[in-house]
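A.B. asks: Quick one, what's the 3D model for this:
(3 chains)
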Amino acid sequence: MDLDFLQSLMGGEEMAAAETAYQDIWVVGEVSGEGLTPATRALLGKARDMANALGVYVKGVLFSAPESAGSEMISYGADTVYLLEGAGLESFAVEPYAEALARQIESGRPEIVLFNATSLGGELAPRLAARFRAPLFTHCMDLGIDEAQRALLATVPRLGGEYYEILISPSLRPQFATVEPGVLPAPFADPYRFGSVERVTFDDLPAGRVEMLGPYAGGLPEPPLSRSRVIVCVGRGVQDTEGVELARRLAAKLGGQLAGTRGALDEGWISEEQLVGMAGRTVRPALYIACGVAGAIQHMLGIAKTECLIAINTDPKAEIFPYADLGVVADAKAVLEELNKKLDNTPA
Amino acid sequence: MDFTLPKEYELLRRMIRDFARQEIAPLAKRVDVQEEVPREVIRKAAELGMMGVPFPQEYGGMGAGELGYCILMEEIGKVCTSTATVIGAHTGIGAMAIYLDGTPEQKKKYLTPLARGEKIAAFALTEANAGSDAAAIRTRAVRDGDDFILTGSKMFITNGPIADIVSVMAVTDPSLGPRGGITAFIVEMDWKGCSVGKVEDKMGIRGSGTSELIFNEVRVPKENILGQFGAGFVTFMKTLDVGRVSLGAACLGGAQAALERSIQWAKARTQFGKAIVHNQSIQWMIANMATEIEALRSLVYRTAWMVDTGQPFTRYAAMCKLYGSEVASRCISQAVQIYGALGYSRDVEVERMFRDARIAEIFEGTNEIQRIVIASDIMRQEGVRISP
Amino acid sequence: MRIVVAIKQILDPEGITVNRRRERIFINREERIINPADKCALEAALRLKDAHGAEVIALSLGKPAADDALREALAMGADSAVLISDKALAGMDAPTAAMVLARAIERLAPFDLVLAGQTAADTGGDQTAGRLAELLGLPQVLQALELSLDGGRLQVVRLWDGKPVRAAVSLPALVAVSPLAPPARYPHGARIMNAYRQMQVSVWTAQDLGLTPEELTPNIESRGQVFPPERELGTVVEGPPAQMAGEILSLLRMRRLI
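C.D. replies: Below you'll find the predicted structure:
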């Protein structure tokens, strides 16, 4: 377009403002295996909705990703995708990644930059926010737009998600946010959407200063039960040590720990440190799977702050069921066996 | 008047409360059943200074005074009376006697390892025929050159089975009686002639070992005389005085735990379609418990303040022990009542607490003796001398 | 080696109840604690001190009451403590807090290592560490579980998307410690006494750090709270074990627990 013509239409001052104004919503995506991660897709869907409300573009950013991933971003709502490339971007290192993204942001001037609240997002977002003296909302559960102020409304979890707070930064741009993976609905892909994928190559990025040495194979100390996120609890209803072993295996698969009732302690299946209830530990896990646990008050008092309680018991009148998010009337040992089997068959 | 707890004591209380909940509470049932406080627990407590709370830091203590020690006893008393008793007999009377009346050399040699919890102390006064009538002890210490030969046996000695160092009261001059005829000695249990006799099979505080201590011609050097020669009666009276304050604190912990358990249970237990906490009968019990506990708390901590500020406190220490043990017994009994049949079951802690609480009305001077102590102090001010 | 540990004092979440039905937050017990992840960071610093010798400086930004958090750090084993406290700093937002902390850390230079907790248990904030690294120009290792020093290089076991991986970095560096890292030690009783009776907490004001009112203007506002729906309890299903396992797994997926 003829710039002079545009300038004459808008008037000089307004043109200058348009040049410096921040606009568009950017999504910094992630690729795993064949394509975009589900969280990235969902983030694009959300960005699309917000961009429509603001009347701006959605632009995707990927690091050292194949063209196909760029096209996928477009199918999920991006108008333009930047594939950032160059020496230092082959694998993750925060310095070159942050530098490349910062340069791209400087030239592209987005008003909103979204990340997944993954390790990648967690590494990049705070560094960039600090570099641009910009607000950052972390682990958002939802996003919205205040249209009057053209500002991002970020719903962030408080007290570990007991409630949420809606935050806004009316004046500072760009606005950064990381969004908790899995909270946004999965969008539909439109393979016929039109957009452009641009390769952007950087040749003088700083070297990464942290050496990534691969997976850690050694053992890690287990956190105390009181801080465990996932607990599989056994009661007398798991019948025998075989049942306990199945519970232990399930706990390991879910990244959690084994615990037990007074009955399990008396049977010698668990140690005092693993006893949950009034006489033992008080726990507040995200997930508590009670296997063959009747639900005596003394036990329930120790798990009152559980976020999700699943109870498996053969007795449909078991006291635990009214407190459970899901009660399963079945033999705990048999269900544990099936759970282990199903999780073995599910790819990680 | 300022009742604010100094900040360092708030942090101390939080540390001890966390320790008690994390490290002691889960073991309380095992301690009761297996009749032993694991040495590992004592070691961990010792590493944090909990075996020498009231003693100065120059002797390896925490330097937290009687106030800090009462906080310790309250917090541990909440979760395990046996553990509190082990620490109490060690710190509150066994090592306390050496702290109160020991020479600088004795403190360096004995109090330091005790305060650090490297060694365990006991206090040996009671004998088969000398309980409340402590002056009737028969254990003899006979001078032999520069040493004394100690012979006799002590009964119901808390920490008897595990003690390394014992403050022992013995008759050094039968003709003089309690005033001048009794001397305190520091005895190392690995000396020749020292042995542990019958271990009691008790109703409660089963994790705290109580036993007979037998001294068979034990050679005690004169450097191990504790306090003035012939003034053992003064040493043990002073020691027991201080011990009673912290015993009151342990009782406070037990009573408070009973109240907390009661509230927790009354909120959770439903009968006739509603939580029993909505029954006025339960509310009254809880109100009564809370009131008595608050009165006890004021008494205990004010007395601790009197100890730390060097004021006479004998009468108030006796009150701490007397009222504390009774409040604990009453509150725990109420808790058992609120729990109903379950409260009588070994599955719940209030059952153990009920058995554990009873001893506090008896040991370290029966409550009857405490009343005599209180009355005689009152009467002394009125110009009346009373004798037991 | 000089280690600066940034700690934040928060209200103990255990004392707070959120009533989702009534959409209200009740503070039942107002007890202030060191943010759990920050306490893990402090523990990590003290472990390095135990193993290699180090000077550990605890730094906190907060109300005058945060003095207690720093005394606790001293009792745990920190060598000195600095509190940044000023009325001008009240109501600060996260970007400003990081900027103020960075300014204070610069003033504590030279240092070899800056440690901070990864996340705040109250606000859920997860950005102070990364911001500090950027503002201080340091390399960053986040979500650390274990730290060890190997010939001047810091070896870190950290979480990457939930899985433990190894990383190494030369000093100086910033490491953010995960709340899942080994829990903090109990402070020794005698040190607790001395932390209040003998040790000092230096207090720095906004002026000491050369902060201007413009720099401290908050730019983030709250638009109110939202409460997730109450848990619906009491759903009971019955069937053969394989089907029941399927029911359980689909609930776990729905709640993002696997």
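A.B. asks: C-alpha from now on. contacts and neighbour counts both.
C.D. replies: OK.
A.B. asks: who are the neighbours in contact with residue 38?
C.D. replies: If you meant another chain, say so; for now it's chain A. A:182, A:186 (Cα atoms under 8 Å, 6 or more residues apart in numbering or on different chains).
A.B. asks: that's the other chain; I wanted chain C
C.D. replies: C:5-8, C:116-118, C:177, C:179.
A.B. asks: again, only using 6 Å
C.D. replies: Taking Cα atoms under 6 Å, 6 or more residues apart in numbering or on different chains as the criterion, C:Asp38 is in contact with C:7, C:116-117.
A.B. asks: Tell me the one of these nearest chain B?
C.D. replies: C:Ile7 (16.7 Å; Cα to the nearest Cα).
A.B. asks: just checking, the closest one touches C:Ser60?
C.D. replies: Yes. Judged on Cα atoms under 6 Å, C:Ile7 makes contact with C:Ser60 at a distance of 5.1 Å.
A.B. asks: Comparing the two, which residue is more hemmed in?
C.D. replies: When neighbours are counted by other Cα atoms under 10 Å in any protein chain shown, C:Ile7 and C:Ser60 differ, and C:Ile7 comes out ahead with 29 against 24.
A.B. asks: gap between the more buried one and C:Ala184?
C.D. replies: Here C:Ile7 is placed at a distance of 13 Å from C:Ala184 (Cα to Cα, to the nearest Å).
A.B. asks: pLDDT score assigned to the closest residue to chain A within the stretch 151-300 of chain B?
C.D. replies: Residue nearest to chain A within the stretch 151-300 of chain B: B:Ala268 (6.7 Å; Cα to the nearest Cα). B:Ala268 is assigned a predicted lDDT (pLDDT) of 90.
A.B. asks: List phi and psi for it.
C.D. replies: As for B:Ala268, its main-chain torsions (degrees, to the nearest 10) stand at phi -90, psi -30.
A.B. asks: how close does it sit to A:Leu301?
C.D. replies: Separation of B:Ala268 from A:Leu301 (Cα to Cα): 8 Å.
A.B. asks: Compare those two (neighbour count), which wins?
C.D. replies: A:Leu301 (21 against 17).
A.B. asks: ok, the more buried one - contacts?
C.D. replies: Taking Cα under 6 Å, 6+ apart, one finds A:277-278 in contact with A:Leu301.
A.B. asks: Would you mind measuring from the residue nearest the centre of chain B to chain A?
C.D. replies: Centroid check for chain B by Cα atoms, centre = their mean gives B:Gly88 as the closest residue, at 3.8 Å. B:Gly88 sits 23 Å away from chain A, taking Cα to the nearest Cα, to the nearest Å as the criterion.
A.B. asks: where does that residue land in three-state SS?
C.D. replies: helix (DSSP: H, G, I helix; E, B strand; the rest coil).
A.B. asks: any idea how far stretch A:135-154 is from the chain center?
C.D. replies: On the basis of Cα atoms, centre = their mean, to the nearest Å, stretch A:135-154 is displaced by 17 Å from the centre of the chain it belongs to.
A.B. asks: I would like the residues contacting it, please.
C.D. replies: Applying Cα under 6 Å, 6+ apart, the set of residues contacting stretch A:135-154 is A:117, A:155-156, A:166-168, A:170, A:175-180.
A.B. asks: now stretch B:319-335
C.D. replies: Under the criterion Cα under 6 Å, 6+ apart, residues B:244-245, B:248, B:251, B:254-255, B:258, B:262, B:289, B:300, B:354, B:357, B:360-361, B:367 lie in contact with stretch B:319-335.
A.B. asks: Near chain C, which residues of the stretch 101-250 of chain A are found?
C.D. replies: Proximity of the stretch 101-250 of chain A to chain C, by Cα under 6 Å from any Cα of the partner chain, involves residues A:119, A:126-127, A:130, A:158-159, A:163-169, A:209-216.
A.B. asks: let's see it at 7 Å
C.D. replies: For the stretch 101-250 of chain A, the contact set with chain C under Cα under 7 Å from any Cα of the partner chain comprises A:118-119, A:123, A:126-127, A:130-131, A:135, A:138, A:157-160, A:162-169, A:182, A:209-216, A:221, A:223.
A.B. asks: Please tabulate the contacts of C:Asp38 in CSV and include pLDDT and distance to B:Lys222 as additional columns.
C.D. replies: Listed next are the contacts of C:Asp38 as CSV, based on pLDDT from 0 to 100; distance: Cα to Cα, whole Å:
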residue, pLDDT, distance to B:Lys222
C:Ile7, 98, 55
C:Ala116, 98, 58
C:Gly117, 97, 58
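A.B. asks: what would the residues you listed look like in a markdown table with secondary structure and distance to B:Ser208?
C.D. replies: Formatted as a markdown table, the contacts of C:Asp38 follow (DSSP: H, G, I helix; E, B strand; the rest coil; distance: Cα to Cα, whole Å):
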| residue | secondary structure | distance to B:Ser208 |
| --- | --- | --- |
| C:Ile7 | strand | 41 |
| C:Ala116 | strand | 43 |
| C:Gly117 | strand | 42 |
